[in-house]
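Q: pasting a predicted model and its sequence here:
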Amino acid sequence: MGVERLFVIIQEQGISLIQRHLYLVFVSLFFAIIIALPIGILVTRPPFNRKINQILSFLNTAQGVPSLAVVAIFLPLMGVGVRPAIFALSIYALLPIARNTVAAIKGLDPDVLEAAKGMGLSKKEVLLKVELPLATPIIVAGIQTATIFTVGTATIAHLIGAGGLGRLIFTGIAMNSPEFILAGSLMAAAIAITLDQLLGLFQRRVKRKFGG
Amino acid sequence: MTELRRVFNYFTNNLDRISGYMLEHLILIVIAIALSIGLWVSLGILVRSNKKAADSVLGLGSLIMAIPSVAIYGILVSIPGLGLSRQSAVIALVLYSMLPILRNVYVSLNEVDKSILEAAKGMGMSDRQILRKVQLPLALPVILAGVRVATVMMVGIGTLAVYIGERNLGVLIEQGLKRSRSDMIIVGAILVTVFVVVIDFFIGWLESAAVSEGIKSDEGSKAGGEN
Amino acid sequence: MIKIEEVTKKYPGMERPAVDKLSLNIEEGEICVFVGPSGCGKTTTLKMINLIIEPSGGKIFVNGENILEQNANELRKKIGYVIQKTGLFPHYSVFDNIAVVPNLLGWEEERVEKRVVELLKMMNLDPDENRNKFPKALSGGQSQRVGVARAMAADPPVMLMDEPFGAVDPITRNQLQNEFLKLQQKVKKTICFVTHDIDEAIKMGDKIAILDQGKLVQYDTPENILFNPANEFVEEFVGSDRSLKVLNLLRVTTVMRKNIKRIKEKAGIDEINKYFSHPEKNRILIENDENHVVGYLAKEEYHKISTAKGWNKAIRIFPTSLNKHNTLKDAMSDMLQHNIAALPVMDEEDKFMGIVSFRDIQSYIGEAYEENENEKELDENEVL
């Protein structure tokens, strides 16, 4: 294995693959958030909130479905390319966000909600001024988890032709080239750790602000 | 309709192969979870009263957790001596289970009510006896919740190990993607999902069998996966 | 039995020691209560006796042996330990909780079984009903009972009790205190008891040790603490309602009058007339043939009825009676509740022991204080 060759690979292909990888991650996350938040809020309202424990355990179990299965299943449905990959990644990413949204709102102190109601806030005001702000730190934690998952799952997206850093890794395995494998792995790890740290920082800040 | 029939036919025509894959999957998980429990529970016990040490190993665990599984596999197979082998797969799975198991061990051992520990000490129990008879049994539900999270994760990450030489249920998906055989993909995806649910259920059952009636909460087991 | 010699506990970074050269002796079979404001060192002192906290200096002897020279775990198996939050093991049944120390000591199964059942009965807990329960199914009072039973499991001669009844409601607390005192009369343990509640200290203690800022301020019987506070701190700590506390301390037997003239319910009116002819005799006790007191007769009511046949109708039945364990406070409370100036004291077999009256209580307390005031003055005169 040549360290020089490793650097050459990173230099030549790194930027474009990272760009594609991040594109997959952020677009998927965007969709995941705009879908997961309303769903999470919706199921904590009547009449769904009576089934809230079942919904939570469903979301937990769904989270356990292997990422490879989720990505692969869209090939027969949507073919290959970036679109099915984003579709699969979005669905996979919305699970932790929805779960944390539900869990956070469910876990709020009922006394606080009672007090809010008692002060004459409407249902909408209770949601916007009390429930969501108090739930924000946990929702952000869910987004953090989703981001990390998505960076990882996006490496698999190569298998359905969406490109990204998975290309280097899987090509490397196929060609028995440690340099390719390592180049892809190290970059993917670096992205994941960087995003994790940044989001961790952000989450702590949110937590302080909202007193979670 | 024809698609469904093809999926069903694929499943029934390849039962032997599929059960072989399932067995391989199970063997990988059992080896990895046994090692993980031995390793991370011991480490958790070791660092339980040393916050600094605990913080650094937990930090390492969450760092590992952030790295994509494909990247971990990639890094491991690049290490001379490991390569495309079962060792690489097992090591990856063990590394991934570090955070969920270790964190739950550490947190639960430290959450045991101070008055219970004081009573135990006051009755003349040694530190070892307190650990074995009081702390670990009381921490068991939370530790098992961590093991459950880790095992479910392992089943999923284990499917990806087919790219580094494992021959488990992931093979169906891998081959299906390679040959654009949707019947194989669907059978594979369904089976790994069923596998996850069964394992999850099994550990849940284990939990209710192993945990003392006195500390079972009425609201069911608290999942240890809160982030 | 427990000898504390010049014991000091100093925590690093603290200005004054938590316990400062404390010395005291606890006699065998006595309850010694450590009491004082929070931070006075009472709990620290208690926890040094079973080495939960290690002393920084001084010696502690239990049963003549220096505990600092012993293995801490072996020592603790010989000392019962009860704490406020019970510390019951939630994953153990009531039975297993009580059996912890016997099992640690390697008792045989049968012996453990017998002992646990015996203890449950002693604690007024039905063994069959409670042995398999888990702590979460117990009420606060039941938990404390199990906690006490667990501490007594291996029949340790010495028991340490750290606010054992502090976490239950007042009614349950009173009940637990009474039960425990009754039990103590039988088992005669040497007990070190910590509380912040002076009333509990007075009620439970054979001796009270009042601590302040790690130092022993007064170590004396409850009577002397109340009648003879060593200094202003004690006086203040005991409270301005000292005399009410005395009531809680003294048993009815201290002021009870025995040998009271009684008349049979079948007695003739001559006997009664003769008795009431004395201008100061206004009441007379009436008893039946078996010498059981059935009530009393008041002079004015007797005169109202005063027919030769029917004087029995004027007999008033006592609304309630006292037993020898009742305190003066119990007696006064009953008297006020039933609007009656005196009550009989009965023994276990319902036999008449004597009578306690409001006025006797009043004069007894008054005299006790006067005596002490005089003593104090004398002391001061001597100093001057």
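A: Now that the structure is in, tell me what you want to look at.
Q: for C:T254, give its distance to C:T190.
A: Distance, C:T254 to C:T190, using CB to CB, to the nearest Å: 25 Å. (Glycine included, C-beta is placed from N, CA and C.)
Q: then C:F61?
A: Distance from C:F61 to C:T190, by CB to CB: 12 Å.
Q: so which of those two has more stuff around it?
A: C:T190 (21 against 15; other CB atoms under 10 Å in any protein chain shown).
Q: which residues does the more buried one contact?
A: C:1-2, C:26-30, C:157-159 (CB atoms under 8 Å, 6 or more residues apart in numbering or on different chains).
Q: shared neighbours, C:F61 and C:T190?
A: Counting by CB under 8 Å, 6+ apart, the common neighbours of C:F61 and C:T190 are C:I2.
Q: any stretches of chain A with poor pLDDT?
A: Scanning chain A for pLDDT under 70 picks out A:1, A:211-212.
Q: change it to 80
A: Within chain A, the stretches with pLDDT under 80 are A:1-13, A:46, A:48-50, A:60, A:75-76, A:120, A:176, A:207, A:209-212.
Q: before we move on, what about the stretch 251-384 of chain C?
A: Using pLDDT under 80, the stretch 251-384 of chain C drops low at C:259, C:266-269, C:280, C:290-291, C:300-301, C:303-313, C:348, C:367-384.
Q: kindly recompute the last result at 50.
A: Within the stretch 251-384 of chain C, the segments meeting pLDDT under 50 span C:382-384.
Q: ok, back up a step: okay if I get the contacts of C:T190 as CSV plus distance to chain A?
A: Conversion of the contacts of C:T190 to CSV gives the following (distance: CB to the nearest CB, whole Å):
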residue, distance to chain A
C:M1, 51
C:I2, 47
C:I26, 47
C:E27, 52
C:E28, 53
C:G29, 51
C:E30, 48
C:P157, 49
C:V158, 46
C:M159, 41
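Q: state the helix or strand in which residue 142 lies.
A: No chain in the question, so chain A it is. Assigned by DSSP states H and E, A:G142 belongs to helix A:132-156.
Q: to clarify, I was referring to chain C.
A: Assigned by DSSP H and E, C:Q142 falls within helix C:140-152.
Q: kindly report the same for C:Y81.
A: Element membership of C:Y81 [criterion: DSSP H and E] is strand C:79-83.
Q: residues contacting the residue lying closest to B:A66 once chain neighbours are set aside?
A: Leaving aside its chain neighbours, B:A66 sits nearest to A:D196 (4.0 Å; criterion: CB to CB, 6 or more residues apart in numbering or on different chains). Applying CB under 8 Å, 6+ apart to A:D196 gives the contacts A:144, A:147-148, B:62-63, B:66.
Q: cool, C:A342 as well?
A: Here C:A342 is in contact with C:283, C:335, C:355-358 (criterion: CB under 8 Å, 6+ apart).
Q: find the closest residue to chain A in the stretch 51-200 of chain C.
A: Of all residues in the stretch 51-200 of chain C, C:K136 sits closest to chain A, at 21.3 Å by CB to the nearest CB.
Q: correct me, but that residue touches C:F89?
A: No - judged on CB atoms under 8 Å, C:K136 makes no contact with C:F89 at a distance of 11.3 Å.
Q: show me the contacts for the most centrally placed residue in chain A.
A: Compute the mean C-alpha point of chain A, and by CA atoms, centre = their mean the closest residue is A:A146, 2.0 Å away. A:A146 sits next to A:29, A:32, A:93-97 when contact means CB under 8 Å, 6+ apart.
Q: next one: it from chain C, what distance?
A: 36 Å (CB to the nearest CB, to the nearest Å).
Q: can you tell me, leaving aside adjacent residues, what's nearest to that residue?
A: Per CB to CB, 6+ apart, closest to A:A146 is A:A93, 4.2 Å.
Q: the helix or strand encompassing that neighbour vs helix A:132-156, what angle?
A: For A:A93, the element it lies in under DSSP H and E is helix A:82-106. Note on geometry: by axes from the mean of the first three to the mean of the last three CA atoms, to 10 degrees, helix A:82-106 and helix A:132-156 are set 150 degrees apart in direction.
Q: and helix A:82-106, what other elements does it pack with?
A: For helix A:82-106, the packing partners by 3 or more CB pairs under 8 Å, 6 or more residues apart in numbering or on different chains; DSSP states H and E come out as helix A:3-43, helix A:52-64, helix A:67-78, helix A:132-156.
Q: C:P229 in helix, strand or coil?
A: What DSSP: H, G, I helix; E, B strand; the rest coil gives for C:P229 is coil.
Q: can you give me the neighbour number for the residue of the stretch 51-200 of chain C closest to chain A?
A: Residues near C:K136, counting by other CB under 10 Å, number 14.
Q: ok, it to C:Q144 distance?
A: C:K136 sits 15 Å away from C:Q144, going by CB to CB.
Q: repeat that for B:A210.
A: B:A210 sits 30 Å away from C:Q144, going by CB to CB.
Q: just B:Y21 next, same as before
A: Per CB to CB, B:Y21 is found 59 Å from C:Q144.
Q: likewise for B:G59?
A: Distance of B:G59 to C:Q144, given as CB to CB: 43 Å.
Q: who has more neighbours out of the two?
A: Set side by side, B:G59 and C:Q144 show more neighbours around C:Q144, with 27 against 11, by other CB under 10 Å.
Q: low-confidence stretches in chain B?
A: For chain B, residues meeting the criterion pLDDT under 50 lie at B:219-227.
Q: and the residue of it nearest chain C?
A: For chain B, CB to the nearest CB, closest residue to chain C: B:A119, 2.7 Å.
Q: isn't that residue right up against C:I83?
A: Yes - counting by CB under 8 Å, B:A119 does reach C:I83; the two are 6.0 Å apart.
Q: ok, those two, which is more surrounded?
A: C:I83 (28 against 25).
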